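Just need the structure, nothing else, for what follows:
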Amino acid sequence: MEFNDLELERLKKLQRLRERGIDPYPARVNRTHTNQQAIDEFAMKEASGEAVEAAVVGRLVLIRPMGKASFAHIEDGTSRLQIYMKKEEVGEETYEIFLKDLDLGDFVEAQGHMFRTKTGELTLRVLQLRIISKAIQPPPEKWHGLKDVETRLRQRYADLLSNSEVREVFRKRTKIVNALRRFFDQHDFLEVETPILQPLYGGAAARPFITHHNQLDQDLYLRISFELYLKRLLVGMYERVYEIGRDFRNEGVSFKHNPEFTQLEFYAAYWDYRKVMEFTEQMVAYVAQEVNGSTVIEFDGKAIELGGTWPRITMRDAIKQWAEIDYVDYPTADELRKAIHSMGGHAPDDASWGKLIDGLLGDYVEPQLIQPTIIYDYPRDISPLAKRKPGDDTHVERFEFFIAGMEMGNAFTELNDPLDQEERFVEMNRTEDVEAGDAHPLDEDYLRAMRYGMPPNGGFGMGVDRLTMLLTNQTTIREVILYPHLRSAEK
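Numbers count the residues shown, from 1 in each chain. Next up, the predicted model:
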């Protein structure tokens, strides 16, 4: 390993510490208070004059030598705290070590008592100080904040230690997941876990990652969805189930897509997609209130109200409104493709009728949907797991909801007719490319489960990362995933 000049200087300090008989990386830490606990306890006892003794720890983020006395700031996971040292109180050797051998980024343990300075700042008056971890590499930009996006994402540890606002995003992400769990628990859902390694992928139209089990000599897939395994549990007499976990899709990367992402899915027996719509509105509003203290958020400079009843528009009416085309007038893919071309739109030659309609939705409608909006009744040929609309063989009971111009979630009245389901699988495999992720593979075991009898049910899937983007005002998914997938760094 090669070291630069600053790192070599710190290595010399490390060696001097060891020559003094000081372990720069001790195994034990004597901490009695977090920084915030020390601050809070002193504030509570200050009026009575009761002393607050504390042993705190943290990373040195500011050092201000002042001759025979010095101030510094240390930061732990709870707060930043000022510490104050006098040479005569900590001893000449400790004070010399502090001035000559400690650096920004080092972790220290400080013991003493709390007081308030003349400027009013709560401070620990240090009587004992020792190093508990020596930093060899200087902190990014001397704590002014790491700003280069590429470096921030590749070295998330450096990003987090220097940017407190980034740390807050991920604290809030945890609060979002916890709030989701509370909401489902309050509504009598059972949280379950389903396989990540699957002998057959399914539940979505996406290309999977493939791996191999050596002992079994068997190819396996990283799951692209939880759906088929969760719905098997409805057959097994659980009425409400949900899962929050990782999905993997071997597809493109964008501001709202990452190959590895966190998904929420739930399935409820005896619900249909209209009941799921109501539940979705309640869930999103609940999480926003729990996490942000309000159902009104700001995203990308726009105020968005997440509470209340959201507008509901059929896919046909939405496309008529914003794309100015009524797709039912063009009942075949070729006819619709020509109509889209005539209006200057994008219509791939190999796209099915349903995919062309979905493309119209993405190109013309989605960018308009800033306030929460539900678009419902989707083409049957792009919805192989959803129940048909009564009296309409071309559409199914499916909806997606959109906020801030992004698709946030997808839901169905789930298909529970095993014969219809098998027919859909067979039909898709005749007309679409399974390997490209355009079709749904035929899952015999899932069909067997359905034949035992699956109750009518409503199902739902949502990316937790996108919800986190929304509630933390982040316009790219990479800012809400601790370790996003990036291209290989140039050497």
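
who's in contact with Ile381?
For the record, residue 381 is Asp, not Ile. By CB atoms under 8 Å, 6 or more residues apart in numbering, the contact list for Asp381 reads Ser352, Trp353, Gly354, Lys355, Met428. To be clear about C-beta, it is placed using only N, CA and C from the backbone, and glycine gets the same treatment.

which residues in the stretch 51-200 of the chain form helices?
87-90, 92-101, 149-154, 156-162, 164-186 (DSSP state H, counting those that start in this stretch).

Pick out the shakiest of these, pLDDT-wise.
Note on the helices of the stretch 51-200 of the chain: helix 149-154 shows the lowest mean pLDDT, a mean of 86.

Output the contacting helices and strands for it.
helix 156-162 (3 or more CB pairs under 8 Å, 6 or more residues apart in numbering; DSSP states H and E).

Give the other helices and strands that the helix it packs on contacts.
Using 3+ CB pairs under 8 Å, 6+ apart, helix 156-162 sits against helix 149-154, helix 164-186.

If we use 6 Å, what do you get?
helix 164-186 (3 or more CB pairs under 6 Å, 6 or more residues apart in numbering; DSSP states H and E).

Report the distance from the helix or strand bottoming out on mean pLDDT in the chain to the chain centre.
Within the chain, no helix or strand scores below helix 149-154, which has a mean of 86 by mean pLDDT, DSSP states H and E. Remark: helix 149-154 is offset 17 Å from the chain centroid, using CA atoms, centre = their mean, to the nearest Å.

Buried residues in it, which are they?
Arg152, Leu153 (16 or more other CB atoms under 10 Å).

Over to stretch 312-319?
In stretch 312-319, counting by 16+ other CB under 10 Å, buried: Ile313, Met315, Arg316, Ala318, Ile319.

my read is the fourth one is in a strand, agree?
No. Secondary structure assignment (DSSP: H, G, I helix; E, B strand; the rest coil) places Ala318 in helix, not in a strand.

now the helices of the stretch 51-200 of the chain in JSON lines, with distance to Leu220?
JSON lines is the format used below for those (distance: least, CB to CB, whole Å):
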{"stretch": "helix 87-90", "distance to Leu220": "60"}
{"stretch": "helix 92-101", "distance to Leu220": "53"}
{"stretch": "helix 149-154", "distance to Leu220": "29"}
{"stretch": "helix 156-162", "distance to Leu220": "29"}
{"stretch": "helix 164-186", "distance to Leu220": "27"}
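
So for Ser133, which of these sits nearest?
Across the helices of the stretch 51-200 of the chain, Ser133 has its closest neighbour in helix 156-162 (12.4 Å, CB to CB).

CA atoms only for the closest one - export them in PDB, please.
The C-alpha atoms that make up helix 156-162 are tabulated as PDB, following Å, rounded to 0.1, in the frame of the first residue of the first chain:
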ATOM      1  CA  ARG A 156     -20.000   5.900   1.300                       C
ATOM      2  CA  TYR A 157     -18.100   5.600   4.600                       C
ATOM      3  CA  ALA A 158     -16.300   8.900   3.800                       C
ATOM      4  CA  ASP A 159     -19.600  10.400   2.600                       C
ATOM      5  CA  LEU A 160     -21.300   9.600   5.900                       C
ATOM      6  CA  LEU A 161     -18.600  10.700   8.200                       C
ATOM      7  CA  SER A 162     -18.400  14.100   6.500                       C
END
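
Return stretch 261-270 as PDB; C-alpha atoms alone will do.
Provided in PDB are the C-alpha atoms of stretch 261-270 (Å, rounded to 0.1, in the frame of the first residue of the first chain):
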ATOM      1  CA  PHE A 261     -33.500  -2.900  -4.500                       C
ATOM      2  CA  THR A 262     -35.900  -3.200  -1.500                       C
ATOM      3  CA  GLN A 263     -39.500  -4.200  -2.200                       C
ATOM      4  CA  LEU A 264     -42.600  -4.200  -0.100                       C
ATOM      5  CA  GLU A 265     -45.300  -6.700  -1.200                       C
ATOM      6  CA  PHE A 266     -48.500  -7.600   0.500                       C
ATOM      7  CA  TYR A 267     -51.500  -9.900  -0.200                       C
ATOM      8  CA  ALA A 268     -54.800  -9.900   1.500                       C
ATOM      9  CA  ALA A 269     -57.500 -12.500   1.000                       C
ATOM     10  CA  TYR A 270     -61.000 -11.300   0.200                       C
END
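
Please identify the buried residues of it?
Phe261, Thr262, Gln263, Leu264, Glu265, Phe266, Tyr267, Ala268, Ala269.

ok, so of those, who is nearest Leu369?
For the buried residues of stretch 261-270, the nearest to Leu369 is Leu264 (20.3 Å; CB to CB).

Report pLDDT for the closest residue to Glu239 other than its chain neighbours.
Leaving aside its chain neighbours, Glu239 sits nearest to Ala269 (4.2 Å; criterion: CB to CB, 6 or more residues apart in numbering). The model reports Ala269 with a pLDDT of 98.

What is the neighbour count of the closest residue to Ile319 other than its chain neighbours?
In this structure, Ile319 finds its nearest non-sequential neighbour in Leu360, 5.0 Å apart by CB to CB, 6+ apart. Using other CB atoms under 10 Å, Leu360 is surrounded by 26 other residues.

Thr309 too?
10.

Chain neighbours aside, what residue packs nearest to the residue located most distally from the centre of the chain?
Computed with CA atoms, centre = their mean, the maximum C-alpha offset from the centroid of the chain is found at Glu88, amounting to 50.3 Å. Counting by CB to CB, 6+ apart, the nearest residue to Glu88 once its immediate chain neighbours are dropped is Lys68, at 7.2 Å.
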